[in-house]
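Colleague: Show me the folded form of this:
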Amino acid sequence: RTIGDRIGEAKASGNLGNTLKILGQFDEAVVCCQRHLDISREQGDKVGEARALYNIGNVYHAKGKHLSWNTAQDPGCLSQEVKDTLQKASEYYERNLSLVKELGDRAAQGRAYGNLGNTQYLLGNFSEAIAFHKE
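Modeller: Purely as a prediction, here's the structure:
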């Protein structure tokens, strides 16, 4: 911020978000990743925007898994809070997928499809999970 490097600030915010996710501070992580997204959009940085969308999805995915660990359940048999959190993850992964398709980034598309498959599996949407994994 001090030197006015907005792209650097965006990347640093994303890195901080990823670190907070690992520490289990999911709500704080989303705030940092959202800042990454906002700055990337402000700067017209489509690659940064795609990364931020993916990272926000990843934070919600990790939060959903963490919340579900508190109760031993089969995939699809989840509390409403866990379902809502995993649905948010899917929404961000879908937005990421749309953007990386536009950018032509096949590796990022593969990651998005894989995480969409994993998220749908946890939600108990097995046919959707299979479709995403086939992609």
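Colleague: Going along the chain, name the helices of this structure.
Modeller: Using DSSP state H, the helices found in the chain span residues 6-22, 26-43, 46-69, 80-103, 106-123, 126-134.
Colleague: Mean neighbour count, those: which tops it?
Modeller: Stretch with highest mean neighbour count among these: helix 46-69 (a mean of 21; mean count of other CB atoms under 10 Å). Bear in mind the C-beta positions are built from the backbone N, C-alpha and C, glycine included.
Colleague: what packs against it?
Modeller: Under the contact definition 3 or more CB pairs under 8 Å, 6 or more residues apart in numbering; DSSP states H and E, helix 46-69 sits against helix 6-22, helix 26-43, helix 80-103, helix 106-123.
Colleague: before we move on, the earlier item: could you dump the helices of the chain into TSV with mean pLDDT added?
Modeller: Listed next are the helices of the chain as TSV, based on pLDDT from 0 to 100:
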stretch	mean pLDDT
helix 6-22	97
helix 26-43	98
helix 46-69	95
helix 80-103	97
helix 106-123	96
helix 126-134	97
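Colleague: so Gly14 touches Asn55, yeah?
Modeller: Yes - between Gly14 and Asn55 there is a contact at 5.7 Å, judged by CB atoms under 8 Å.
Colleague: which residues are common contacts for the two?
Modeller: Residues touching both Gly14 and Asn55 (CB atoms under 8 Å, 6 or more residues apart in numbering): 33, 36.
Colleague: For the helices and strands packed on helix 46-69, give me JSON lines that also has distance to Val59.
Modeller: Below are the helices and strands packed on helix 46-69 laid out as JSON lines (distance: least, CB to CB, whole Å):
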{"stretch": "helix 6-22", "distance to Val59": "5"}
{"stretch": "helix 26-43", "distance to Val59": "5"}
{"stretch": "helix 80-103", "distance to Val59": "8"}
{"stretch": "helix 106-123", "distance to Val59": "12"}
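Colleague: residues in contact with Tyr54?
Modeller: Contact analysis of Tyr54 by CB under 8 Å, 6+ apart lists 92-93, 96, 108, 111-112, 115.
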